[in-house]
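S.K.: Show me the folded form of this:
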Amino acid sequence: MFRGAKMSAVIFLLFCWNILCEAVVIRAVHIHVVIIIAGSGNPKSTGYEPMGSAYDVALDRARTRYPGLFRNLSVTRHFVAGSNLTCEEAAAETTIALGQLLLNRMDPDGIERPPSEPAVPNGVRREREFQVVLSPGCGLQETTLGDFAREEDIAVIASATSLALLNDKRRFPTVLPFSGGSFNNVALAVVAMLQRFGWRTFNLVCDSNPGTGVMVEAACGALRQVIASARTVNTVPVLFNSVANSTERITSMLRECDNHSSVTVLASVDPRVYIAILETAFQMGMADGDHAFIVLPLSGNAQFKEIVSDLAVQKQLSRSVKAILPFTFALAFDFINWTAVSRDMEQIAERSQAAYNLTIPPELRQSPLMLTGFETASVLCQMLHENLEHLWNMSGVGFAKQFYNRVFPLPSRDLAVNAIGGRISQVYTHQFDNQTDTFQTVLLLNLETKNLSAVNGTVMRWYGSVFPPSDQPPRFRQGVGRLTVIAVAATTAIAVVLLAAFALFGWRIYRSEADISFWLLDGESLRSSRRPPGTGNLSWIGSGTYIFTYIPGGRP
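M.R.: Residues are numbered from 1 along each chain as shown. Below is the predicted model:
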């Protein structure tokens, strides 16, 4: 009995010791998550209502999974209202937020606390604040954050940015670009397709609708940057604004495209704009195999491929769009299992309404942007939990490196991180098969070689006279055709004239040889003759004329 009581006491002491150790570790470091979002009022954007709600729901989920982590964790939300903010305006607001963050890092006497403090000799640790920033900002906004974070040694999770510049770890050693869709990879896929098919010139139609936010601006900027580096492809910018999405405006834009190239890249956040453009293109006779369209996956919600597939299943896809789809390449990212996160997306919409007074309609709740925010906040909490005991002496750079070469299995999709802390974002090229009314994956971007490779088991079908078609505008090709006909006709005529001249020249020579003239010198008389009669001496004096000296009684 005594032995059992002693054992119970030991177990109790060990239990108390574990709790005490956990409390000491947790109290030794205060975790401060700072969320910085500029923009609001649009459920399709990266504004604070949808993205802030995604972060909030992910933190709530993590609180139940990692209760020890949240005993000493605080969240600061720096949200700036304003619809249709440009990337420059968002970066300016971020600078203000960073100024406030820097003030919070200082002691009451105004002296900045060092990023890390070693343990004191007696083993009692002083509390240190470990900060990490979550932000779904644009490229310029994240580079501003990255420069600040480098100097202050703060890890930054960029949820919606994949700017190639952020991969420079000498400048941005603490930034983790975790966008679920890399616009830089989309640009690489477009250029690789152009090079694969021998297209050197293409039209770039970037929707300038101010309601599209920074998505189109970022995607087109990334594409221009990759094109400038490739130096093998030329782009022709064509202005288009989908605010007045009229047939006349679309027709005018397509006519301008037709003057420059038969290959057109479309960039808009609204897949319905793509459908309207393709509908008009069909009416203009561009479903002829001599034109090709490439649509970019920029929607903050359902992508073009998903919307068209749903219309095809519901038998609502128009015949004109169906006819031109085989000549359209739809780029897309990794498959998302929306069923597995349907409840999470519903809660994000509920939080947006309850906390931020923004209604997210049902058709916009399958948002890759909101999902990416939810995923990145979830993974952040997992990594904070895994490294909780080491955060005291861990730098921002060291914490960022804990993500390198990791794969985080999530219900929606895997979040894989490469060797320099960037999220691996695959890009697929899909082509519509109007026999099965489904999209087929025909090309895949190799992230190492930056080239496109064919997908095994799929066949690329093209209903034009030749594939790939020329990138030259049809009018130019027709003009070249007419010039070719004229050139052939002129060459034939010249050949006929030359042949006739040679024939005439040969005939004249023949006649001149056949009709040789002779001058007969008989004694003192001189007369002309066709033949040299009798016997005598024949002398040639030129121009087909001979003098025959008659010798009476002689032999020839």
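S.K.: distance of Phe178 from Asn259?
M.R.: Between Phe178 and Asn259 the computed distance is 41 Å (CB to CB, to the nearest Å). For every residue, glycine as well, the C-beta is placed using N, CA and C.
S.K.: Those two: which has the busier surroundings?
M.R.: Each of Phe178 and Asn259 has its neighbours counted (other CB atoms under 10 Å); Phe178 has more, 27 against 13.
S.K.: Double-check that one against Val156; I have them as touching.
M.R.: No: Phe178 is beyond contact range of Val156, at 10.0 Å (criterion: CB atoms under 8 Å).
S.K.: Can you name the residues that contact Asn357?
M.R.: Glu49 (CB atoms under 8 Å, 6 or more residues apart in numbering).
S.K.: Tell me the spacing between the residue most central in space within the chain and Tyr274.
M.R.: The centroid of the chain falls nearest to Val186 when counting by CA atoms, centre = their mean (1.7 Å). Val186 sits at a distance of 15 Å from Tyr274 (criterion: CB to CB).
S.K.: just Ile31 next, same as before
M.R.: Distance, Ile31 to Tyr274, by CB to CB: 44 Å.
S.K.: And the two? Which one has more around it.
M.R.: Per other CB under 10 Å, whichever of Ile31 and Tyr274 has more neighbours is Tyr274, with 26 against 20.
S.K.: Doesn't that one lie inside a helix?
M.R.: Yes: Tyr274: assigned to a helix according to DSSP: H, G, I helix; E, B strand; the rest coil.
S.K.: thought it was touching Phe304?
M.R.: Yes: if you go by CB under 8 Å, Tyr274 and Phe304 touch, sitting 5.1 Å apart.
S.K.: any shared contact partners between these two?
M.R.: Val295.
S.K.: helices or strands up against the helix or strand hosting Thr144?
M.R.: Using DSSP states H and E, Thr144 falls within helix 139-152. In terms of contacts (3 or more CB pairs under 8 Å, 6 or more residues apart in numbering; DSSP states H and E), helix 139-152 is packed against helix 87-104, strand 128-135, strand 155-158, strand 175-177.
S.K.: Minimum distance to Ala164: which of those has it?
M.R.: strand 175-177 (9.0 Å; CB to CB).
S.K.: For the stretch 351-500 of the chain, just list every one of the strands.
M.R.: Assigned by DSSP state E, counting those that start in this stretch, the strands in the stretch 351-500 of the chain fall at 407-409, 414-416, 428-433, 438-445, 452-454.
S.K.: Report the mean per-residue pLDDT for the strand ranked longest in the chain.
M.R.: For the chain, the strand that runs over the most residues, judged by DSSP state E, is strand 29-38. What strand 29-38 shows for mean pLDDT is 93.
S.K.: and that strand, which residues are buried?
M.R.: Burial within strand 29-38, assessed by neighbour count using 16 or more other CB atoms under 10 Å, is assigned to Val29, Ile31, His32, Val33, Val34, Ile35, Ile36, Ile37, Ala38.
S.K.: Show me what that strand is packed up against.
M.R.: In terms of contacts (3+ CB pairs under 8 Å, 6+ apart), strand 29-38 is packed against helix 48-65, strand 73-80, helix 87-104, strand 128-135.
S.K.: From the chain's centroid, how far away is stretch 247-262?
M.R.: How far stretch 247-262 lies from its chain's middle: 22 Å, per CA atoms, centre = their mean, to the nearest Å.
S.K.: In it, which residues are buried?
M.R.: Going by 16+ other CB under 10 Å, stretch 247-262 has these buried residues: Arg249, Ile250, Met253, Leu254, Cys257, Asp258, His260, Ser261, Ser262.
S.K.: What's the separation between the last one and His430?
M.R.: To His430, Ser262 is 20 Å away according to CB to CB.
S.K.: The first one too?
M.R.: From Arg249 over to His430 the distance is 27 Å, taken as CB to CB.
S.K.: How about Ala97?
M.R.: Distance, Ala97 to His430, using CB to CB: 39 Å.
S.K.: list the contacts for the closest residue to Ser378 other than its chain neighbours?
M.R.: Using CB to CB, 6 or more residues apart in numbering and skipping the chain neighbours, the partner closest in space to Ser378 is Ala58 (4.6 Å). Listed by CB under 8 Å, 6+ apart, the contact set of Ala58 reads Gly373, Phe374, Glu375, Thr376, Ala377, Ser378, Cys381.
S.K.: again, but for Leu296
M.R.: Shown in contact with Leu296 (CB under 8 Å, 6+ apart): Val186, Val190, Ala219, Val265, Leu266, Ala267, Leu331.
S.K.: try Met215
M.R.: Val269, Leu298, Gly300.
S.K.: Identify, from those residues, the entry nearest to Asn418.
M.R.: Comparing these against Asn418 with CB to CB picks out Leu298 as the nearest, at 22.8 Å.
S.K.: Tell me which two in the buried residues of strand 29-38 are the farthest apart.
M.R.: The span of these, defined through CB to CB, is set by Val29 and Ala38 at 28.8 Å.
S.K.: okay, now Ser53: neighbour count?
M.R.: When counting by other CB under 10 Å, one arrives at 26 neighbours for Ser53.
S.K.: before we move on, back to that, pull the distance from the longest strand of the chain to the chain's centre.
M.R.: On CA atoms, centre = their mean, the centre of strand 29-38 falls 31 Å from that of its chain.
S.K.: With stretch 412-423 instead?
M.R.: Using CA atoms, centre = their mean, the offset of stretch 412-423 from its chain centre is 18 Å.
S.K.: And for stretch 172-187?
M.R.: The chain centroid and the centroid of stretch 172-187 are separated by 12 Å, computed with CA atoms, centre = their mean.
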